[in-house]
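> my questions are about this predicted structure, shown below with the sequence.
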Amino acid sequence: MTKRRDVPGIRRYDAPAGGWGALRATAQAIRQQMEGLGAPITLLRTNQPDGFDCPGCAWPDKEHRSTFQFCENGAKAVTWEATSKRVGPDFFERHTVSSLLRRSDYELEDLGRLTHPLVYDRATDTFRAVEWEAAFARIGEILRGLPSPDQVEFYTSGRASNEAAYLFQLFAREYGTNNFPDCSNMCHEPTSVGLPQSIGIGKGTVSLDDFDAAELIISIGHNPGTNHPRMMGTLHEASRRGVPIIVFNPLRERALERFADPQNVVEMATYGSTRIASTYYQVDAGGDAAALKGIMKALLAMDAAHGNVLDHAFIAEHTQGFDAFAADLATTTWADIETVSGLARGELEQVAAAYAKSNATIVTYGMGITQHNRGTANVRLIADLLLLRGNFGKPGAGICPLRGHSNVQGNRTVGITEKPSAAFLQRIEDVFGFKPPATHGHDAVRTMQAMIDGSAKALICLGGNFAVALPDAGQSFAAMGKLDLSVHVGTKLNRSHLLVARETYVLPCLGRTELDLQGGMRQSITVEDSMSMVHASAGKLPPASEQLRSEPAIVAGMASATLPHSKVAWPALVADYDKIRDVIEQTVPGFDSYNARIRIPGGFRLPLPPTERVWPTPSGKAMFSVFGGVKEDADVYGADEVLRLITIRSHDQYNTTIYAMDDRYRGVFGRRDVLFMNEADLAERGLEHGDLVDIETVVTGRPLRLEKITAIAYSIAQGSVAAYYPEANVLVPLDYFDKESGTPSYKSVPVRVTRSG
Ligand SMILES: Nc1nc2c(c(=O)[nH]1)N[C@H]1C(S)=C(S)[C@@H](COP(=O)(O)OP(=O)(O)OC[C@H]3O[C@@H](n4cnc5c(=O)[nH]c(N)nc54)[C@H](O)[C@@H]3O)O[C@H]1N2
Ligand SMILES: Nc1nc2c(c(=O)[nH]1)N[C@H]1C(S)=C(S)[C@@H](COP(=O)(O)OP(=O)(O)OC[C@H]3O[C@@H](n4cnc5c(=O)[nH]c(N)nc54)[C@H](O)[C@@H]3O)O[C@H]1N2
Ligand SMILES: [Mo]
């Protein structure tokens with residue numbers, strides 16, 4: 001290889017993931033945000049009995065045991081929330097909203113915690129402090145004045161507790177709408193839609209214990225070293241037990257190659273590390289369906305040749321649809337599989353052989369599977385693969401979607417959905433005595449479309465950064481300004497707050513780490529992790545400001561002011577969160593003895609019928625699927641110059657929250673304006689490592705461009721390129737999404753890359 005030129009901020013990173021680098025980064029996060037103020041104590045209380053649940057990811061903890069589970073990115077999430085920085089009314093008086101809009105996402109949140117409820121004042125173009133009751137009264141007045149409740153959108157970001165989310169859906173439903181856009185619509189909706197079709201529930205089926213018994217782990221399209229770092233402990237253990245871990249990912253992600261566990265004394269002392277992936281396949285972006293179909297085609301061929309490869313007894317007793325599924329595989333050619341996956345037949349046959357040898361296999365997956373045009377169909381294919389060898393309902397086997405926000409799964413469970421079941425609505429009516437609307441509402445993309453066409457008039461956000469998280473900033477940002485009302489319940493200032501509507505309120509809330517007192521009593525909230533464990537979480541830190549209110553209290557405040565004749569006893573529910581859990585128990589299945597069971601350390605597991613080989617599908621059987629073809633979109637493949645853009649998270653970010661400007665494991669420091677490219681793709685365009693390029697989306701009526709991005713050579717599948725989210729969202733068309741789930745295809749935008757003029 002020729003010597004590459006030096007590009008500022010781009011360095012090789014040769015060390016393993018984790019290790020001393022992770023400890024150093026943690027210390028730095030604490031120093032920068034907390035000025036030493038009791039920080040270690042805060043961190044030690046994360047995920048402990050009687051402590052708070054880490055606001056980072058949704059990976060479960062070993063029964064909330066008392067050992068301190070170290071996680072660099074959990075530490076960043078906690079210190080970012082527990083920061084000593086504050087942004088109060090005096091600051092907002094001195095800075096117009098227009099001037100704040102010129103700051104970066106990083107700079108906005110780094111201003112610190114919001115301290116007072118704020119209202120936008122158009123005359124001065126500033127936010128000013130407002131009394132809570134005045135804010136609630138005005139919000140209620142506007143909502144009551146709208147001609148139809150369906151003109152209001154109720155957005156949830158998955159950090160909200162079960163209690164806050166339940167009250168939020170109750171408020172919206174009594175008000176009269178099922179418009180529940182939520183972050184899950186941009187994330188694991190293909191899991192929520194696809195898995196119920198395959199196995200009857202929209203959640204993962206494995207527990208942590210299953211990882212101890214697995215004989216093979218297949219990891220597809222997720223980056224745990226950054227996004228679920230506590231999972232690295234689990235993978236590290238599995239690898240040391242000799243369990244093969246087969247990875248499918250277009251990018252070489254360091255943590256999936258080598259990891260040093262900061263909790264492992266010997267590894268730390270010797271600067272050692274453990275290999276994670278036994279084999280690493282750099283599949284093309286959007287090539288997973290082809291790869292999965294190739295593996296299954298090979299399995300069927302092996303079974304036809306030698307028998308004993310498929311679990312025929314399981315297939316006969318527990319499944320339907322095998323014949324149609326097998327017929328589709330038969331018509332899928334190896335030539336198509338190889339072209340679209342970018343992998344060779346021999347490689348996929350090796351995976352099939354490893355899979356056929358394993359008596360217990362877990363498949364883990366993330367956004368690399370879901371954020372595609374056919375994300376839901378991708379999820380069903382993973383279920384198919386597992387069904388072929390009866391990998392459900394036995395120890396060490398099952399499906400493991402890596403969830404996003406720490407309580408996104410819980411939000412769904414307690415009713416945040418635009419498509420509620422009739423049974424749930426009936427129970428709401430029985431318990432509360434009002435008739436909730438039955439018409440299905442808007443998901444996230446549909447909400448933005450309604451905002452663009454002017455039919456949506458108000459947006460109420462329980463957390464999150466709606467406009468920045470969605471595709472096509474060019475349209476989404478402008479649509480925020482067309483609303484009559486936007487309300488944001490949040491902890492830190494972000495761009496969606498600043499894209500003001502005719503009237504805008506920013507309502508500051510307590511975070512997970514903070515003490516929540518109601519009627520003098522310390523309250524706990526509850527959350528559900530990726531493995532359906534529900535447990536309590538209670539903060540201890542003094543609130544960032546005396547003015548802060550809890551999310552349940554803020555939701556109840558808005559509801560009381562909006563619905564003067566409400567059937568719900570809002571103040572009583574907020575005075576004691578046990579009362580909220582009582583009504584959840586009465587309306588949501590699986591929460592029997594809710595209050596008693598969350599008082600047991602570790603909490604309880606919600607029912608997961610497929611773990612007992614019970615399939616709550618319409619047929620009562622697990623269902624094989626037919627993918628049909630191998631491509632995710634017919635029209636744009638083939639054109640040679642078209643590349644597939646993946647949008648990814650850096651190591652120093654939490655969704656739209658940018659903690660810092662580095663992406664250590666990928667060797668990017670102090671910048672985010674880069675495009676990861678394969679050397680061959682650079683060469684084909686006459687480009688060199690470090691050249692400035694323009695990126696243009698090729699599937700849209702509207703021109704979508706991102707200019708003057710530095711192209712860098714990286715180990716990424718040829719034909720795939722990657723850039724950071726949210727900067728690259730300007731390139732994602734709003735109508736380019738999985739038609740079954742509505743999830744935007746953030747991981748497969750067809751683009752053209754050219755040298756900047
Ligand atoms: N620290 C931190 N933790 C987080 C988050 C965060 O931003 N920061 N976000 C939280 C949320 S909401 C979520 S949803 C999860 C996200 O967790 P992940 O699912 O890990 O999300 P991404 O970073 O988007 O990474 C997706 C991975 O998929 C790969 N990939 C992209 N396209 C394809 C493809 O077509 N096929 C395959 N096989 N792989 C592909 C990328 O290279 C990348 O390694 O993490 C949660 N945890
Ligand atoms: N291009 C591209 N776009 C994507 C993705 C991608 O991979 N690529 N991923 C998608 C995914 S998976 C997701 S989940 C979405 C994320 O979308 P969102 O969930 O909407 O975004 P976040 O960045 O997590 O929200 C950050 C804000 O949440 C607020 N916040 C933080 N903690 C709390 C709290 O405790 N309570 C309240 N009320 N507010 C709080 C703060 O004000 C902070 O500014 O983005 C999606 N967008
Ligand atoms: Mo997510």
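That came through fine. Ligands and ions are numbered 1, 2, ... in the order given.
> residues touching the residue of the stretch 401-550 of the chain found nearest ligand 3, list them.
For the stretch 401-550 of the chain and ligand 3, the shortest gap (C-beta to the ion) falls at residue 404, measuring 2.4 Å. The C-beta positions use only the backbone N, C-alpha and C, and glycine is treated the same way. Taking C-beta atoms under 8 Å, 6 or more residues apart in numbering as the criterion, residue 404 is in contact with 57, 58, 158, 183, 184, 187, 188, 655.
> and for the third one, the neighbour number?
Residues lying near residue 158 (other C-beta atoms under 10 Å) number 27.
> try the first one
Neighbouring residues of residue 57 were enumerated by other C-beta under 10 Å; the total is 25.
> list the contacts of the closest residue to it other than its chain neighbours.
Among residues not flanking residue 57 along the chain, residue 228 sits closest, at 4.7 Å (C-beta to C-beta, 6 or more residues apart in numbering). Applying C-beta under 8 Å, 6+ apart to residue 228 gives the contacts 57, 58, 59, 222, 402.
> again, only using 6 Å
By C-beta atoms under 6 Å, 6 or more residues apart in numbering, the contact list for residue 228 reads 57, 59, 402.
> give the contact list for the residue of the stretch 151-300 of the chain found nearest ligand 3.
Proximity of the stretch 151-300 of the chain to ligand 3 (C-beta to the ion) peaks at residue 187, 3.2 Å away. Taking C-beta under 6 Å, 6+ apart, we find residue 187 in contact with residue 404.
> check residue 158 too.
183, 405, 407, 408, 411.
> let's see 8 Å
182, 183, 184, 187, 404, 405, 406, 407, 408, 409, 411.
> what about residue 584, how many neighbours?
Neighbour tally, residue 584, other C-beta under 10 Å: 23.
> I figured it hits residue 424, correct?
No: using C-beta atoms under 8 Å, residue 584 makes no contact with residue 424, being 11.4 Å away.
> how about low-confidence regions in this protein?
Along the chain, segments meeting pLDDT under 70 span 1-3, 35-49, 62-70, 634-639.
> outline the domain layout of it.
17-79, 86-185+407-575, 189-405, 643-755 (automatic domain parsing).
> closest one to residue 10 among these?
For those, proximity to residue 10 was assessed by C-beta to C-beta; domain 643-755 is nearest, at 5.4 Å.
> please state the offset of the lengthiest strand in the chain from the chain centre?
Among the segments of the chain that qualify as a strand by DSSP state E, the longest is strand 705-713. Centre-to-centre, strand 705-713 and its host chain are 26 Å apart (C-alpha atoms, centre = their mean, to the nearest Å).
> quick one: contacts of it?
By C-beta under 8 Å, 6+ apart, strand 705-713 touches 4, 7, 10, 668, 671, 673-679, 682, 687, 689-697, 723, 727-728, 730-731, 753, 756.
> go again using 7 Å as the cut-off
Strand 705-713 is contacted from outside by 4, 7, 10, 673-677, 679, 682, 687, 689-696, 723, 728, 730-731, 756, using C-beta atoms under 7 Å, 6 or more residues apart in numbering.
> fine, thanks again, bye for now.
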